[in-house]
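Undergrad: model this:
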Amino acid sequence: MSATDKSSSVAKNTLMPLFKVVVVAIMSLALGLAAFIGWPLLSSNNSGSSSLSLSEYIKDDGAFIFPQPINVTDVPFLNEEGQTVGKKDNVGKWSFLFFGYTYCPDICPTTLAVMQQMWIKLNPKMQSQTQVVLVSVDVERDTPEQLKTYMDYFDPDFTAFTGKPASLRSFAAQLNAVYAKVERKNANGEIDTELGYLMDHSANITILDPNGNYFGFIRPPFNPKKILKIVTAIQTRP
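TA: Model prediction:
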């Protein structure tokens, strides 16, 4: 080996460890800077939810969000205070509503209980931007007074609507909701008015945006944790 080759070999052996040290130092600095300013790091553990759209983020929780909100025409109702309300009265809040009735034996009280457990987990600011609504499909029995007593049992901040059959049909049709009166029958298969009637109805929770338009819906089954995630994400994610 010539003197020149020996010198080149020595130089390589001397510079290689130094080069590795410099590379490691640069990578450490970059990683530290990324962590400091919050840049996402390239690792299998950071493909996280931050990169998901709102729709993707909550779809596994049963929520479906439309690409664009669907316009809902103004329909008059009476609330549980006996006041006439319409679309303009609900502007400014995210509304989570479902169709039901106070004599409902199972789905309605269960859904309201879940919503109440979710509600108490919301911070005051989010509560002020959110409303939980029961739209009664039982216009015969659900008077404003009946609705107020029923809703206050779950939470005084919850509200309910009732009104004329035509208004209810129009509103339900716009939100893809269905309902029907079901007469109870006795052991002989005959309609028994003394048993009262039931109302079959959709079980989805409908989401209206702060402009009162149809934003999406949530499919059952419901639980407080999932609903809290959905309500929070809708109000905080871009």
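
Undergrad: which residues are in contact with the closest residue to residue 211 other than its chain neighbours?
TA: In this structure, residue 211 finds its nearest non-sequential neighbour in residue 91, 6.2 Å apart by Cβ to Cβ, 6 or more residues apart in numbering. Where C-beta positions appear, they are placed from N, C-alpha and C, glycine not excepted. Residue 91 sits next to 210, 211, 212 when contact means Cβ atoms under 8 Å, 6 or more residues apart in numbering.

Undergrad: for residue 226, give me its contacts.
TA: So residue 226 contacts 61, 62 (Cβ under 8 Å, 6+ apart).

Undergrad: which element, helix or strand, includes it?
TA: Using DSSP states H and E, the element containing residue 226 is helix 224-236.

Undergrad: for the contacts of residue 91, give me a markdown table that also has distance to residue 163.
TA: Shown next, in a markdown table, are the contacts of residue 91 (distance: Cβ to Cβ, whole Å):
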| residue | distance to residue 163 |
| --- | --- |
| 210 | 22 |
| 211 | 21 |
| 212 | 16 |
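
Undergrad: who wins on neighbours among those?
TA: Counting neighbours by other Cβ atoms under 10 Å, the top entry in the contacts of residue 91 is residue 212, with 21 neighbours.

Undergrad: domain ranges for the chain?
TA: 3-46, 49-236 (automatic domain parsing).

Undergrad: ok, what's across the strand from residue 197?
TA: residue 183 (DSSP bridges).

Undergrad: you'd agree it is up against residue 184?
TA: Yes - using Cβ atoms under 8 Å, residue 197 is in contact with residue 184, at 6.2 Å.

Undergrad: looking at these two, which is more packed in?
TA: Per other Cβ under 10 Å, whichever of residue 197 and residue 184 has more neighbours is residue 197, with 15 against 12.

Undergrad: returning to what we had before: rank the domains of the chain by pLDDT, which is bottom?
TA: Mean pLDDT per stretch puts domain 3-46 lowest among the domains of the chain, at a mean of 40.

Undergrad: thinking again about what came up before, and the helix holding residue 226, how far from the chain's centre?
TA: In terms of Cα atoms, centre = their mean, to the nearest Å, the centre of helix 224-236 is found 5 Å from the chain centre.
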